[in-house]
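In: Take this sequence and fold it.
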Amino acid sequence: ITVFDGASHALSEINRMKEEDWPLQAAISSRTDEPGWAFQLMKWLVASDGTPLSKCFDENLIEISYMDKSKHFESLNRKTGIPFEQMAFFD
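Out: The predicted structure is shown next:
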């Protein structure tokens, strides 16, 4: 299992921007039958800058569960206060 190159580089760029104090929040939303496996993989897989995926996202903005993705997005909207039209989603 690997991270797609484009996603890996995008996460590294987000990490760089966060280190430079850009005002951004990074979240992840995933619907899976095995959330425990997904959380473990996020510890093992790394972005191109060597950062584990689990550290690429704001800790309170990791939405991995059996729920429908629309529920994840609603939760992220409530947690961040960012309107949907100001969010960028990648799938």
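In: ok now do the residue lying closest to Leu11 once chain neighbours are set aside, which residues does it touch?
Out: Once flanking residues are discounted, Leu11 sits nearest to Ala47: 3.9 Å by CB to CB, 6 or more residues apart in numbering. Every residue, glycine included, has its C-beta placed from N, CA and C. Ala47 is in contact with 3, 8-9, 11-12, 15, 53, 56, counting by CB atoms under 8 Å, 6 or more residues apart in numbering.
In: Out of those residues, list just those in helices.
Out: Judged by DSSP state H, those include 8-9, 11-12, 15, 53, 56 as members of helices.
In: Can you tell me what sits against stretch 21-28?
Out: 11, 14, 17-18, 42, 53, 56-58, 61-64, 76, 80, 82.
In: Out of those residues, which end up buried?
Out: Among the contacts of stretch 21-28, the ones that count as buried by 16 or more other CB atoms under 10 Å are 11, 14, 42, 53, 56-57, 61-64, 76.
In: Pipe those residues into TSV and attach distance to Pro23 and pLDDT per row.
Out: TSV is the format used below for these (distance: CB to CB, whole Å; pLDDT from 0 to 100):
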residue	distance to Pro23	pLDDT
Leu11	18	95
Ile14	12	94
Met42	24	93
Leu53	22	94
Cys56	17	93
Phe57	16	92
Leu61	14	90
Ile62	20	89
Glu63	21	87
Ile64	25	87
Leu76	16	89
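In: Tell me which two in the contacts of stretch 21-28 are the farthest apart.
Out: Longest distance between any two of the contacts of stretch 21-28 is 23.1 Å, between Met17 and Ile64; criterion CB to CB.
In: which residue ends up closest to the midpoint of the chain in space?
Out: The structure's the chain has its C-alpha centroid closest to Ile28; by CA atoms, centre = their mean the separation is 2.8 Å.
In: Phi and psi next, for that residue.
Out: Dihedral angles of Ile28 (phi, psi; degrees, to the nearest 10) stand at phi -140, psi 140.
In: need the helices for the chain, in chain order.
Out: 5-19, 35-44, 53-56, 69-80.
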